[in-house]
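**Q** Below are the sequence and a predicted model for it; my questions follow.
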Amino acid sequence: MRYAEVSVNSPVAQRRTFSYAIPSGLTVDVGQAVWVPFGEKVLQGIVLELSPHPAVEETREIIGAIEPERVLSPVHVSLARWISEYYLSPLFDAVALMLPPGFERKAITFIDATGREPDRSSLTSEQRRVLDLVLEQGKVELKKLEKLLGKRKASSVVSQMVKQGLIARSYDLEPIRVRPRKDLYIYKVANAGKAHRVAGKQAALLDFLVERSAPVSWAEAREKTGCSKAVADALLRKGLIEYRQVDVKREPISYENITPSSPLPLTAEQQTAFDSIKSGLIKAIGDGTAPDIFLLHGVTGSGKTEIYLQALAEAVKLGKKGIALVPEIALTPQTIERFAARFPRRVAVLHSKLSLGEQYDEWHRIRNGEFDVVIGSRSAIFAPQPDLGLIIIDEEHEWTYKQDNSPHYHARDVSIKLAELTGAVVILGSATPDVETFYKAQNGDYKLLTLPQRVVPREGASLPQVEVVDMREELRAGNRSIFSRSLAEAINDAIAGREQVILFLNRRGGATFIQCRRCGFVLRCRRCEVPLTHHIAGDVLTCHQCNYRVPIPQVCPNCSSRQIKFLGTGTQKLEQEVGYTFPRVRHLRWDSDAIGGRSSHENILRKFRGREAEILIGTQMVAKGLDIPSVTLVGVVSADTSLNLPDFRSGERTFQLLSQVAGRAGRGPSGGRVVIQTFSPENYAIQAAAGHDYAAFYEQEIAYRRQLHNPPFTRLARLVYSHTNDAICQREAERMKALLIGERDARGIGDTSLIGPAPAFIHRLRGRFRWQLILRGSGLSDFLSPIAFPQGWTIDIDPMSLV
Ligand code: ADP
Ligand code: ZN
Ligand code: ZN
């Protein structure tokens, strides 16, 4: 093998590899990181393949290995290739997903002596200066020479001298900037005299330190004694205690306050599900057949997490390891603790909030096989976990598993590919499975496991009562408030009973659709069935899929009422209304605007848990993972905002959100109640969510999908072009459509169709206009792969949303 196919870290490399010759004396492996010459530069590359022949006639040589050990396993090399081909993303972008954190860095050029003694009289004065410096220091950074001689001069002198064999270049990664963390520790001075009398707080702190013979972290001392820093400073001045800065190891999990937990005895339903998974794990190790994919469908509080934990323990027993994915929002201390308590010191956490240093340490320890379980959000699927035997995706329907930017991968689909490559078993868990996932389970592609009952607060506990309030009725009765009479009464009751309330409002969609306040009618596209959206320019309603346009009607086409208007309220407006309607009640707002620093989520939650407010107002964030027994009422202020998004998944989205929000109520012994306000009370998604009836929702939804030929009955791609000029943007989108149709017909691909171009739902984003094309068909990646897309286009295969 004298040649290597290398994925190079350059934007011009796109989806291809480049052939390099392997110089004699160098051995490289698949998955190895190397330095390669690329144009004038030296860049990072990853070897993806070795071959006896180059793919092109002229090749340059690999300069050297960046690290002696390879950074990617063969499995990850295959996975990166698949991601690049399937999602049409640049190859190195896909590779980079799997590299150690902070690995993508520039090369630093060094100049070394070669040991050849020149005839000094033949050298220029600059050459002599360079040589002297290199001989004196052994290895000099090129930057230093540039400072000395000027950038141009340095480069030409070095080039001449390299040609003459007097010096040689070498490369190294820029050092990673990982600052060790230091914590303040305090301890009592051993033979501090009795000269000072201390009392009160100072005495308490001193007593605490006497009890502990070793230095104690200040954070702990403060927490245990309740003393302020001023108290400690006073003791320091008296010479009774000392401070010390201590390097702390970066441990994302603090085990100090975690009590190890034992497996719970399973309920009969849990046992049945667990037994299937167990035989799946055993089978996956035994024979070479494709490993099972399980869909664990269980209502909130049905004990899914307990099954994940026991399945992981089973995999460990069989000599395997696992990866568990949770949505970013669920990656709270609560969730991590549950895993850490079951697998003490055997859990690694990976998420974007860790510092680069923490991520770097964690990555290397994972690769060394130090953990049974890696838990993390989306990108944790790329952790270098060896001996992978089990992949768990909790809340598999969550949209956060899809990456917004390139590569536009979906962690669930990547998991399934990874399972295929490694033989690992997959568990997809959800209370409201994605209809595409459920469809596969119905078809037998996945194995369906069901937990229909709650185990909390007791086995078989009922789900909360849900009341759907028809807001048209409220108007007819003369109530123009944002709160229906029912909801207002329920809030007052809850407050009187010293209970807590969550008010949920999904702001997205805002005032862009119009609805008749008398009959609830929403204008829809005749072709696509999606709600028409009000367009900023002109008094028209537009279909964001096919660009169908109609003027805004003056009266309702359904009931001729004049009460047809824009709807939508944001959380901030809602907050005002709460203050106005319930002036004596304290409230907190929780949405992305209210979130600032690293722990702000926790701050808001802590306040609410600590009962510093009775009402919590929030967007989707409140819908997920909150488990607060004192919350007895959840109010959905408007179910219509998500229902009327111009997207074929809006019904599914609404069902999922409402089900989750409803699951927040009644976790405690006092039960719970949910009020959903809507202008479309008869809508199937709202009805099914109110009845906690996934089956009814699925039946209706899958029928719509079949009828309108949407996934899972086809696949989609969303192509968006953005440009500062709207007309140019539209023209390019039309040109691309014509080109794609020509290409399709020339290649005789029958099942692919194009919709649009139409202005994107968010037509203008950061000063650029956006137009989009939607493609439907089965082999979209293959179809689009050879087509050259000019800059400005983004391609999203299997988009989660068309808006
Ligand atoms: P889910 O993940 O489906 O929402 P969890 O696994 O979080 O459900 O379970 C909800 C609660 O029930 C947790 O507090 C958990 O400890 C408890 N639980 C789960 N399984 C059992 C069981 N078999 N026996 C007793 N308690 C259980
Ligand atoms: Zn009407
Ligand atoms: Zn349309």
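**A** Here it is on my side, so go on. Residues are numbered from 1 along each chain as shown. Ligands and ions are numbered 1, 2, ... in the order given.

**Q** The stretch 251-400 of the chain against ligand 2: which residues are in contact?
**A** Nowhere does the stretch 251-400 of the chain come near ligand 2, counting by C-beta under 5 Å from the ion. Yep, even glycine has a C-beta here, placed from its N, CA and C like the rest.

**Q** Closest residue of the stretch 251-400 of the chain to ligand 2?
**A** For the stretch 251-400 of the chain and ligand 2, the shortest gap (C-beta to the ion) falls at Trp399, measuring 32.1 Å.

**Q** quick one: that residue and ligand 3, what's the gap?
**A** As for Trp399, its distance to ligand 3 is 23 Å (criterion: C-beta to the ion, to the nearest Å).

**Q** Not counting sequence-adjacent ones, nearest residue to that residue?
**A** With sequence-adjacent residues excluded and distances taken as C-beta to C-beta, 6 or more residues apart in numbering, Trp399 is closest to Met800, at 4.9 Å.

**Q** How about Glu701?
**A** Val435 (5.1 Å).

**Q** what about Pro583, how many residues close to it?
**A** By the criterion of other C-beta atoms under 10 Å, Pro583 has 7 neighbours.

**Q** and if you look at Glu256?
**A** Applying the criterion other C-beta under 10 Å, we find 7 residues in the vicinity of Glu256.

**Q** What is the three-state secondary structure of it?
**A** Using DSSP: H, G, I helix; E, B strand; the rest coil, the structure places Glu256 in coil.

**Q** And the pLDDT for it?
**A** For Glu256, the pLDDT comes out at 72.

**Q** Give me the distance between it and Ile514.
**A** 56 Å (C-beta to C-beta, to the nearest Å).

**Q** Repeat that for Ile728.
**A** The span separating Ile728 from Ile514 equals 30 Å under the rule C-beta to C-beta.

**Q** now swap in Ala96 and tell me
**A** For Ala96 relative to Ile514 (C-beta to C-beta), the value is 44 Å.

**Q** For Ala477, see how far away whatever residue of the stretch 151-300 of the chain ends up closest to ligand 1 is.
**A** Distances between the stretch 151-300 of the chain and ligand 1 by C-beta to the nearest ligand atom are smallest at Leu264, namely 4.0 Å. With distances defined as C-beta to C-beta, the gap from Leu264 to Ala477 amounts to 49 Å.

**Q** what's the burial count for the residue in the stretch 651-800 of the chain positioned nearest to ligand 1?
**A** Using C-beta to the nearest ligand atom, Gly663 is the residue of the stretch 651-800 of the chain that sits closest to ligand 1, at 8.1 Å. A count of nearby residues for Gly663, using other C-beta under 10 Å, gives 26.

**Q** was I right about Gln32 contacting Ala65?
**A** Yes. Taking C-beta atoms under 8 Å as the definition, Gln32 is a contact partner of Ala65 at 5.9 Å.

**Q** Of those two, give the one with the bigger neighbour count.
**A** Neighbours were counted for Gln32 and for Ala65 using other C-beta under 10 Å; Gln32 has more, 23 against 17.

**Q** check contacts around the nearest residue to that one once chain neighbours are set aside.
**A** For Gln32, ignoring the flanking residues on the chain, the nearest one in space by C-beta to C-beta, 6+ apart is Arg70 at 4.4 Å. The contact partners of Arg70, taken as C-beta atoms under 8 Å, 6 or more residues apart in numbering, are Asp29, Val30, Gly31, Gln32, Ala33.
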